[in-house]
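Student: Make a model of this:
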Amino acid sequence: MNPVVFTLIRNSLEVIVEEMTLTMVRTAYSGSIREAMDFSAAICGGDGQMIAQGPCLAVHLGSIPDAMEAVFAKFDGDMALGDVFMLNDPYTGGMHLPDIFLFKPIFGAQGILAFLVLVADHVDVGGSVVGSRGVANAEVYAEGLRIPPVRLMRGGEPVDDIWDLVRQNTRMPHMVLGDLRSCLASFHSAERLLSETVERYGEGDVLAYFEDSLAYSEAALRRVIRDLPDGSYTFTDWLDDGVTTPDPLRIQLRLEVRGDMLHFDFDGTSPQVPSAINSTFSFTKSAVYAAVRTLLPSDVPNNAGIFRPIHVQAPAGTVVHAREPAAVAQRGVTGSRAVSATLGALAQVVADRVPAADEGGISSVRITGHGPDGRRYVVWDSVVGTWGARPTKDGVDGCSNFAMNVANASVEILEADYPILIREYGLRSDSGGAGTYRGGLGLVRQWELLDGEAEFILRADRTRFPPWGLNGGLPGEGSCTVLNPDTDARTLPSKAQIRIRKGDRVLHHQASGGGYGDPRQRDPELVWRDWRNDKVSLEQARSVYGVVIVDGVLDRNATEIERKRPPETQTNEGRHDHGLQSQVCSN
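Tutor: Residues are numbered from 1 along each chain as shown. Now for the predicted structure:
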């Protein structure tokens with residue numbers, strides 16, 4: 001295909017998925033979509049293969065092939081102009097029940113030209129817990145409304161029975177139905193732009209781009225894989241526990257590099273558990289795809305061609321390939337660990353292109369109760385994290401890792417909309433894994449309930465198994481959560497579901513990122529800058545990095561002498577926590 005036309009069409013499609021994203025942000029009702037951007041947009045070809053993706057959650061998008069397959073299995077040959085299809089069932093192409101997929105076929109001269117796709121995290125779809133994200137549910141039946149592939153819109157008109165079914169099964173119908181209408185508005189704008197693109201370049205060239213872009217991305221990844229040494233590489237990572245079971249859960253991964261293919265096998269991973277942290281296989285595959293994508297240059301199109309040289313398998317009945325009817329509402333933390341395990345395996349092949357471990361996934365928080373007016377509310381908040389150190393750069397502080405890519409909710413908006421006060425929010429000094437390149441700092445966030453009673457649901461991890469470093473880099477600091485840290489402090493598990501009352505506070509320290517390379521090889525100037533920015537204490541600068549700072553000035557001669565001595569064990573001294581927080585949240 002003409003490379004100029006190829007580039008123009010690619011840019012046009014990327015603008016379309018970005019426009020879908022912006023329309024969602026501008027029109028959504030719930031904070032999970034409007035503020036945190038917990039949704040994803042994509043364009044698929046008429047055969048269901050993903051051609052372009054929006055700038056949101058990478059770990060959503062690898063699940064689209066399974067969801068499209070489920071839609072085709074039921075509706076192939078029965079799709080018309082103006083139809084929109086919907087599903088959320090984890091065992092029929094979905095991921096977990098709050099993530100509702102919508103698909104709109106776009107027709108051309110010879111039938112279905114493309115599909116517009118949105119998957120958005122909805123605030124409540126019923127179930128035993130407000131917000132539909134209980135951590136201790138044993139079965140998917142307790143998690144909310146399961147929607148197999150159904151037709152939401154027929155010929156541009158709503159299918160009232162389906163809308164009524166959703167309305168009757170959510171505690172917050174105005175938000176859920178409002179967000180569904182936001183998805184339809186996004187489809188409307190994207191359809192107009194796609195029609196303009198087809199008019200401008202012709203349907204033939206657009207279809208040719210679909211085929212060539214998939215082949216282009218596939219070939220780019222195969223070239224990268226061919227440069228890797230053939231062999232078998234294993235890596236093991238861990239989840240703190242199974243929520244209802246105290247033992248840690250093993251995420252075992254074997255990577256085999258053969259020619260221009262990567263084979264990932266999760267055999268040896270712990271069995272599924274009677275709690276909500278099990279992952280569907282579609283989500284696990286998506287996590288692997290997202291991690292492998294980091295090997296490619298950014299100018300390679302993000303599409304289904306990248307999936308072709310990757311083969312993923314996992315025994316059914318494991319925590320990464322749950323069998324129905326396992327609960328999966330909090331599967332995000334397990335998907336995050338699949339990302340970490342994939343990077344850990346790849347690091348044994350291409351250590352100079354893989355980052356150290358990130359914070360281990362966003363810390364998901366839901367606070368649900370009734371306001372002074374008696375209306376039910378759901379606080380959707382997440383502590384969105386940090387990157388592990390990279391082979392040539394520090395980890396990014398206070399920014400979601402690449403696979404999750406959501407945003408921290410605005411403190412001002414949360415406090416304006418709900419009876420909560422954010423007592424503390426910031427970065428944790430000395431928390432990042434030390435290295436030639438430092439891991440990103442962990443976040444701290446503290447909530448106080450201002451009125452009534454509420455249920456507080458937390459899904460975090462990396463309390464028992466801190467983020468690992470690479471190539472001599474030290475691990476990052478683990479997570480910790482404390483109820484009422486200034487009074488009758490009680491340490492909570494990393495996944496908890498508790499009742500809180502007016503005046504109660506919950507303090508959460510999120511895990512940080514692992515370091516990369518020998519800390520004693522870090523540029524002393526960078527250590528001094530970290531100290532000036534309150535990211536590293538004087539004690540850590542000397543004991544871990546071997547950098548001496550006297551009266552605010554970097555002492556290069558003393559640093560050279562200090563670095564010839566054996567490094568001390570890293571401690572929590574110099575942390576900027578205080579009182580019970582420091583005692584209870586020391587890792």
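Student: the longest helix in this structure is where?
Tutor: helix 173-201 (DSSP state H).
Student: Return the set of buried residues in that helix.
Tutor: 175-180, 182-187, 189-191, 193-194, 197-198, 201 (16 or more other C-beta atoms under 10 Å). Backbone N, C-alpha and C define where each C-beta goes, glycine included.
Student: Now Asp451. Nearest residue, chain neighbours left out?
Tutor: Once flanking residues are discounted, Asp451 sits nearest to Pro419: 4.0 Å by C-beta to C-beta, 6 or more residues apart in numbering.
Student: tell me the contacts of the closest residue to Gly513 other than its chain neighbours?
Tutor: Sequence neighbours aside, Gly439 is the residue nearest to Gly513 in space, at 3.2 Å (criterion: C-beta to C-beta, 6+ apart). Listed by C-beta atoms under 8 Å, 6 or more residues apart in numbering, the contact partners of Gly439 are 356, 386-389, 394-395, 432-433, 467, 469, 473, 476, 512-516.
Student: quick revisit: how many residues are close by the residue nearest to Asp451?
Tutor: 19 (other C-beta atoms under 10 Å).
Student: Kindly report the same for Gly552.
Tutor: Counted with other C-beta under 10 Å, Gly552 comes out at 9.
Student: what's the answer for Pro246, then?
Tutor: 9.
Student: domain parsing for the chain?
Tutor: Using automatic domain parsing, the domain ranges for the chain come out as 3-218, 355-519.
Student: Show me the residue at the heart of the chain, geometrically.
Tutor: Nearest to the geometric centre of the chain sits Met404, at 2.2 Å (C-alpha atoms, centre = their mean).
Student: helix, strand or coil for that residue?
Tutor: Following DSSP: H, G, I helix; E, B strand; the rest coil, the label given to Met404 is coil.
Student: Quick check: phi and psi on it?
Tutor: Met404 adopts backbone torsions of phi -90, psi -50, taken as degrees, to the nearest 10.
Student: So which bits of stretch 71-89 are buried?
Tutor: So, applying 16+ other C-beta under 10 Å, buried residues of stretch 71-89: Val71, Phe72, Phe75, Met79, Asp83, Val84, Phe85, Met86, Leu87, Asn88, Asp89.
Student: of all those residues, which comes closest to Leu22?
Tutor: Closest approach to Leu22 among these (C-beta to C-beta): Val84, at 19.8 Å.
Student: Is the residue nearest to that closest one when sequence neighbours are not counted in a helix, a strand, or coil?
Tutor: Distance criterion C-beta to C-beta, 6+ apart; nearest residue to Val84, sequence neighbours excluded, is Met153 at 3.8 Å. Judged by three-state DSSP, the three-state class of Met153 is strand.
Student: Bridged to Met153, which residues?
Tutor: Beta-bridge partners recorded for Met153 (DSSP bridges): Val84, Pro158.
Student: coming back round to it: please produce TSV containing the buried residues of stretch 71-89, extended by distance to Val328, pLDDT and secondary structure.
Tutor: TSV is the format used below for the buried residues of stretch 71-89 (distance: C-beta to C-beta, whole Å; pLDDT from 0 to 100; DSSP: H, G, I helix; E, B strand; the rest coil):
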residue	distance to Val328	pLDDT	secondary structure
Val71	20	98	helix
Phe72	23	98	helix
Phe75	24	98	helix
Met79	28	98	coil
Asp83	28	98	coil
Val84	25	98	strand
Phe85	21	98	strand
Met86	18	98	strand
Leu87	14	98	strand
Asn88	11	97	coil
Asp89	10	97	coil
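Student: Can you tell me which of those is closest to Leu57?
Tutor: Asn88 (15.5 Å).
Student: Isn't the closest one up against Asp99?
Tutor: Yes. Contact criterion C-beta atoms under 8 Å: Asn88 and Asp99 qualify, at 6.2 Å.
Student: how about low-confidence regions in the stretch 451-587 of the chain?
Tutor: For the stretch 451-587 of the chain, applying pLDDT under 70 flags the ranges 568-587.
Student: Distance of the closest residue to Val300 other than its chain neighbours relative to Val320?
Tutor: Excluding the flanking residues, the one nearest Val300 by C-beta to C-beta, 6+ apart is Ala220, at 4.7 Å. As judged by C-beta to C-beta, to the nearest Å, Ala220 and Val320 stand 27 Å apart.
Student: Between the two, which has more neighbouring residues?
Tutor: The neighbour count for Ala220 versus Val320, taken as other C-beta under 10 Å, is higher for Val320 (30 against 19).
Student: Just the pLDDT at the residue nearest to Val300, thanks.
Tutor: Model confidence at Ala220, given as pLDDT, is 97.
Student: Quick check: buried residues in the helix or strand it falls within?
Tutor: Of the helices and strands defined by DSSP states H and E, Ala220 is found in helix 203-226. For helix 203-226, burial by neighbour count (16+ other C-beta under 10 Å) applies to 205-210, 212-214, 216-218, 220-222, 224-225.
Student: again with stretch 344-364
Tutor: With burial defined by 16+ other C-beta under 10 Å, the residues of stretch 344-364 counted as buried are 344-347, 349, 354-364.
Student: biggest separation within the residues you listed, which pair?
Tutor: So, the buried residues of stretch 344-364 by C-beta to C-beta: farthest apart are Val349 and Ser364, at 31.8 Å.
Student: how far is stretch 141-148 from where the chain is centred?
Tutor: Offset of stretch 141-148 from its chain centre (C-alpha atoms, centre = their mean, to the nearest Å): 22 Å.
Student: And stretch 533-548, by the same measure?
Tutor: That offset, for stretch 533-548, works out to 31 Å (C-alpha atoms, centre = their mean).
Student: in it, what counts as buried?
Tutor: 535-537, 539-548.
Student: Give the partner strands of the helix or strand that contains Val119 in its sheet and their orientations.
Tutor: Element membership of Val119, judged by DSSP H and E, is strand 111-121. Applying DSSP bridges, strand 111-121 is found paired with strand 39-45 (antiparallel), strand 99-108 (antiparallel).
Student: Using JSON lines, lay out the ones you listed together with distance to Ala136.
Tutor: Formatted as JSON lines, the strands paired with strand 111-121 follow (distance: least, C-beta to C-beta, whole Å):
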{"stretch": "strand 39-45", "distance to Ala136": "26"}
{"stretch": "strand 99-108", "distance to Ala136": "20"}
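Student: Same list (those) but as a markdown table, adding mean pLDDT.
Tutor: Output for those, formatted as a markdown table (pLDDT from 0 to 100):
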| stretch | mean pLDDT |
| --- | --- |
| strand 39-45 | 95 |
| strand 99-108 | 97 |
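Student: CSV for those, including mean neighbour count and distance to Leu249?
Tutor: Below are the strands paired with strand 111-121 laid out as CSV (neighbours: other C-beta atoms under 10 Å; distance: least, C-beta to C-beta, whole Å):
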stretch, mean neighbour count, distance to Leu249
strand 39-45, 26, 27
strand 99-108, 22, 22
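Student: Out of the ones you listed, the one nearest Asp381 is which?
Tutor: Comparing the strands paired with strand 111-121 by C-beta to C-beta, strand 39-45 comes nearest, at 16.5 Å.
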